[in-house]
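Q: Could you look at this predicted model? Sequence included:
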Amino acid sequence: MDANTTLVGYWSDGSADVDVAVSLRNEGGLRLDSAQRVAVTCIRDGDALDGCREETSLSLEDGFGPASTHFILRLPMGGAALEFDYGGDEPLTLDVDVPERILGLERGVWECYSDRPAEPVANAFQDDNDGCGGWGPETVEKWLNDVPVKVWATGDDRYVKVLEEVIDELSPILDLEFQWVGVEREADLKAFVGIPRSARAEYGFDVGYVDYAGFGGARTRNGEALSGRVVVWLRASDEWEVRDQNKIKHVTMHEVLHAMAPIGHSTRLGSIMSYSSDLKKLSPMDESLIRLNSHRLVKPGMTMAEVEDLIVFREDLLDAPPPPEPDTHQMVWRATIGLWEAGSARFKIRGGWTEKRCASTFGVRRGLATLEIGNFGWLPYYGATLARFDDRVNTFWVHWSREDRKWFYWSEDTGELTAVGGNHVSDSTGWWVSPTRLIRVLGALLNDADADDITVAARSNGTITLAATLDESHPTWRLDSGEAVDFILVLDEETYQIRGYTYNYHREPVPGQCNVYEEVAEEVELGIEIDVPRAIKLNTFK
């Protein structure tokens with residue numbers, strides 16, 4: 001007998017089909033007129049593998065042959081042996097190696113991961129120097145998976161607690177084991193968290209780093225990370241509110257990933273490695289990219305071509321499952337990133353304060369009002385810096401100043417940007433001024449809610465409607481006891497882009513105050529051109 005094998009393809013469960021071709025011939029002196037039984041068993045570590053056996057028979061022409069056939073066996077990845085029983089004088093054992101592969105990766109993840117800058121990174125603090133995923137080097141940089149990383153930390157105890165939480169969350173994603181040590185010189189990763197900027201010289205840190213919330217990085221050799229350092233500066237405020245904790249966790253996770261992925265800054269809005277958010281969680285794409293870089297088959301120093309050879313993309317699997325439908329939390333992620341990437345949007349809206357004595361509405365009798373919002377993604381929490389509200393009676397241009405941290409409005413009467421509070425616009429139009437409300441609600445859902453907190457309320461006409469309620473248990477939104485927001489988000493069922501929303505704020509009745517406000521948006525357009533008056537351009541973008 002002669003036999004050989006050819007790899008056919010992989011299944012999503014980690015097994016692979018192998019085509020086994022056999023040829024049988026009679027080299028003896030006597031004819032063999034009867035069919036000859038051929039059986040093959042798969043063996044690993046001396047034991048037969050369940051479900052991996054084939055038996056057939058071959059008839060030899062003229063009693064001598066040769067005759068041939070082939071069949072498919074399903075083998076797990078790794079090494080195995082095929083033992084043939086065919087009645088011959090000599091046994092036949094064939095060693096088979098099914099190469100281990102990374103199975104089921106989405107091509108979009110690979111395209112982002114393999115997007116590497118053509119030129120060397122010049123300034124690690126500029127987003128455009130690293131590729132889509134955030135990696136600058138052309139080859140893989142990573143920590144070895146089989147060696148525990150020893151961590152030492154000093155600083156404010158509250159910050160150290162956040163660091164511990166971040167490392168616990170990242171450990172399975174990085175596929176790394178972390179071991180805490182009490183002596184700095186024993187550590188692979190040294191963390192200085194919650195230390196004042198004024199003490200930078202004491203710790204030996206360059207003055208150039210104080211303009212940032214923190215910094216982190218790794219020392220590598222031939223792609224292997226050998227040591228890392230993380231710094232998170234003490235915030236100026238001594239308060240320890242939830243929002244401060246969210247910011248600190250965002251910065252801590254961002255800097256730890258600089259050191260442990262090790263990754264640079266991403267060009268993707270919505271990535272924790274970009275400057276576009278204060279989100280304290282990895283986006284689904286962030287997690288997929290880091291898991292790929294951390295995979296045990298991916299070795300330090302590999303080229304992108306070598307990594308790609310390890311991958312079997314989802315659509316190339318033998319069982320090629322359809323793309324998994326995202327859960328409701330992931331849908332909100334996609335909607336948020338789509339909004340950021342579009343950069344601007346136009347909504348037709350209606351609503352206002354609904355109680356009779358507060359009756360201040362818009363977009364009802366004169367038709368729907370128009371709300372145009374620009375510069376999404378510039379600011380965490382605030383989300384946008386420019387809005388135009390037109391209810392066909394009064395038109396307001398509202399602008400957020402990053403320098404002054406105040407809202408300003410522009411009117412044709414004065415031709416100037418004037419500081420304004422929400423009441424000024426709300427009293428005139430009924431619109432509760434905050435063009436950032438949508439992005440802030442989305443941020444609260446991403447930071448504080450899970451998929452179980454966001455339900456699918458309806459599917460119809462190519463859209464999917466999500467519903468969620470935010471209250472004091474969702475601290476990012478900073479609601480007080482008795483306050484709540486019922487939020488409805490209408491998305492395109494295929495792209496998950498926003499098609500509309502309903503924002504309903506209500507609280508336990510407070511005498512002398514308006515207690516219920518609702519805003520309904522529809523006819524959404526993303527990525528619009530906004531005709532900004534020259535006066536605003538001069539004052540806003542100088």
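A: Perfect, I can see it now. Numbering: from 1, shown residues only.
Q: switch to C-alpha atoms for all contacts and neighbour counts from now on
A: OK.
Q: Which parts of this structure are helices?
A: Counting by DSSP state H, the segments of the chain that form helices are 107-113, 157-174, 200-203, 242-260, 284-294, 304-308, 328-342, 422-429, 437-448, 534-540.
Q: These into CSV, with extra columns for mean neighbour count?
A: Converted to CSV, the helices of the chain look like this (neighbours: other Cα atoms under 10 Å):
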stretch, mean neighbour count
helix 107-113, 16
helix 157-174, 17
helix 200-203, 11
helix 242-260, 23
helix 284-294, 20
helix 304-308, 15
helix 328-342, 21
helix 422-429, 16
helix 437-448, 20
helix 534-540, 13
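Q: worst average pLDDT in those helices?
A: For those, the weakest mean pLDDT is recorded on helix 534-540, namely a mean of 61.
Q: hang on, the earlier thing: of all the helices of the chain, which one comes closest to L30?
A: Closest to L30 of the helices of the chain is helix 304-308 (Cα to Cα; 53.1 Å).
Q: Can I get stretch 443-454 in PDB? Just the C-alpha atoms.
A: Extracted in PDB, the C-alpha atoms of stretch 443-454 (Å, rounded to 0.1, in the frame of the first residue of the first chain):
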ATOM      1  CA  GLY A 443     -21.600  57.100  26.000                       C
ATOM      2  CA  ALA A 444     -23.500  56.300  29.100                       C
ATOM      3  CA  LEU A 445     -24.900  53.100  27.500                       C
ATOM      4  CA  LEU A 446     -21.500  52.000  26.400                       C
ATOM      5  CA  ASN A 447     -19.900  52.700  29.800                       C
ATOM      6  CA  ASP A 448     -22.600  51.700  32.200                       C
ATOM      7  CA  ALA A 449     -25.000  49.300  30.400                       C
ATOM      8  CA  ASP A 450     -24.700  45.700  29.300                       C
ATOM      9  CA  ALA A 451     -26.600  44.000  26.500                       C
ATOM     10  CA  ASP A 452     -29.200  42.900  29.000                       C
ATOM     11  CA  ASP A 453     -30.000  46.500  29.800                       C
ATOM     12  CA  ILE A 454     -30.800  47.300  26.200                       C
END
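Q: about what we covered before: export the helices of the chain as JSON lines, with columns for distance to L479.
A: Shown next, in JSON lines, are these (distance: least, Cα to Cα, whole Å):
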{"stretch": "helix 107-113", "distance to L479": "37"}
{"stretch": "helix 157-174", "distance to L479": "23"}
{"stretch": "helix 200-203", "distance to L479": "37"}
{"stretch": "helix 242-260", "distance to L479": "11"}
{"stretch": "helix 284-294", "distance to L479": "27"}
{"stretch": "helix 304-308", "distance to L479": "47"}
{"stretch": "helix 328-342", "distance to L479": "20"}
{"stretch": "helix 422-429", "distance to L479": "17"}
{"stretch": "helix 437-448", "distance to L479": "11"}
{"stretch": "helix 534-540", "distance to L479": "30"}
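Q: So which of those is nearest L466?
A: Between those, helix 328-342 lies closest to L466; by Cα to Cα that is 7.4 Å.
Q: Show me the contact partners of that closest one.
A: 269-270, 283-284, 345, 376-377, 439, 442, 445-446, 449-452, 454-456, 466, 491, 496-498, 526-527 (Cα atoms under 8 Å, 6 or more residues apart in numbering).
Q: Emit the ChimeraX select command for whichever of these are buried.
A: Selection of buried members from the contacts of helix 328-342 for ChimeraX, criterion 16 or more other Cα atoms under 10 Å:
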select :269,270,283,345,376,377,439,442,445,446,449,451,454,455,466,491,496,497,498,526,527
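Q: Count the neighbours of the closest residue to T429 other than its chain neighbours for me.
A: Nearest residue to T429, sequence neighbours excluded (Cα to Cα, 6 or more residues apart in numbering): F362, at 6.3 Å. By the measure other Cα atoms under 10 Å, the count of residues near F362 is 25.
Q: mean confidence score for stretch 391-403?
A: Per-residue scores along stretch 391-403 average to 71.
Q: Outside of stretch 470-481 itself, which residues are in contact with it?
A: 242-243, 246, 440-441, 443-445, 447-449, 482-487.
Q: Return the alpha-carbon coordinates of that stretch using PDB.
A: Below are the C-alpha coordinates for stretch 470-481, written out as PDB (Å, rounded to 0.1, in the frame of the first residue of the first chain):
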ATOM      1  CA  LEU A 470     -30.900  55.500  32.300                       C
ATOM      2  CA  ASP A 471     -31.100  56.400  36.000                       C
ATOM      3  CA  GLU A 472     -28.800  57.000  38.900                       C
ATOM      4  CA  SER A 473     -27.400  53.500  38.500                       C
ATOM      5  CA  HIS A 474     -25.800  54.700  35.300                       C
ATOM      6  CA  PRO A 475     -23.300  57.100  36.700                       C
ATOM      7  CA  THR A 476     -21.800  58.400  33.500                       C
ATOM      8  CA  TRP A 477     -25.000  60.400  32.800                       C
ATOM      9  CA  ARG A 478     -24.900  61.800  36.400                       C
ATOM     10  CA  LEU A 479     -28.600  61.600  37.100                       C
ATOM     11  CA  ASP A 480     -29.800  62.300  40.600                       C
ATOM     12  CA  SER A 481     -32.200  60.100  42.600                       C
END
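Q: For that stretch, buried residues please.
A: Under 16+ other Cα under 10 Å, the buried positions of stretch 470-481 are 470-471, 474-479.
Q: how about the strands in the stretch 51-200 of the chain?
A: 67-76, 78-85, 92-98, 102-105, 149-155, 178-180, 189-195 (DSSP state E, counting those that start in this stretch).
Q: sorry, back to before: can you give me every residue that contacts the residue nearest to T429?
A: Counting by Cα under 8 Å, 6+ apart, F362 has contacts 350-352, 368-369, 391, 429-431.
Q: Okay, and the beta partners of it?
A: Counting by DSSP bridges, F362 is bridged to G351.
Q: pLDDT at it, what is it?
A: For F362, the model assigns a pLDDT of 87.
Q: Ok, the one 5 residues further on next?
A: G367 is assigned 85 on the pLDDT scale.
Q: And it, how far from D97?
A: 70 Å (Cα to Cα, to the nearest Å).
Q: and what of I311?
A: The span separating I311 from D97 equals 17 Å under the rule Cα to Cα.
Q: Those two: which has the busier surroundings?
A: I311 (20 against 14).
Q: out of everything not next to it in sequence, what's closest to that one?
A: Nearest non-adjacent residue to I311 (Cα to Cα, 6+ apart): I102, at 4.8 Å.
Q: tally of neighbours for the one you found?
A: 20.
Q: so who does it touch?
A: I102 neighbours (Cα under 8 Å, 6+ apart): 297, 310-312.
Q: how about a cut-off of 7 Å?
A: 310-312 (Cα atoms under 7 Å, 6 or more residues apart in numbering).
Q: Let's see which of the residues you listed end up in strands.
A: 311-312 (DSSP state E).
Q: Compute the distance between the nearest residue to T361 once chain neighbours are set aside and P66, please.
A: Setting aside the residues directly before and after it, T361 is nearest to G352 in space (Cα to Cα, 6+ apart), at 4.2 Å. Computed as Cα to Cα, the G352 to P66 distance reads 87 Å.
Q: neighbour count winner among these two?
A: A count of neighbours by other Cα under 10 Å puts G352 above the other of G352 and P66, at 24 against 16.
Q: sorry, back to before: adding pLDDT and distance to Y505, write the contacts of I102 out as a markdown table.
A: Shown next, in a markdown table, are these (pLDDT from 0 to 100; distance: Cα to Cα, whole Å):
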| residue | pLDDT | distance to Y505 |
| --- | --- | --- |
| L310 | 98 | 51 |
| I311 | 98 | 48 |
| V312 | 98 | 48 |
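Q: residue contacts, E106?
A: Neighbours of E106 in contact, by Cα under 7 Å, 6+ apart: 313-314.
Q: All good on my end, thank you.
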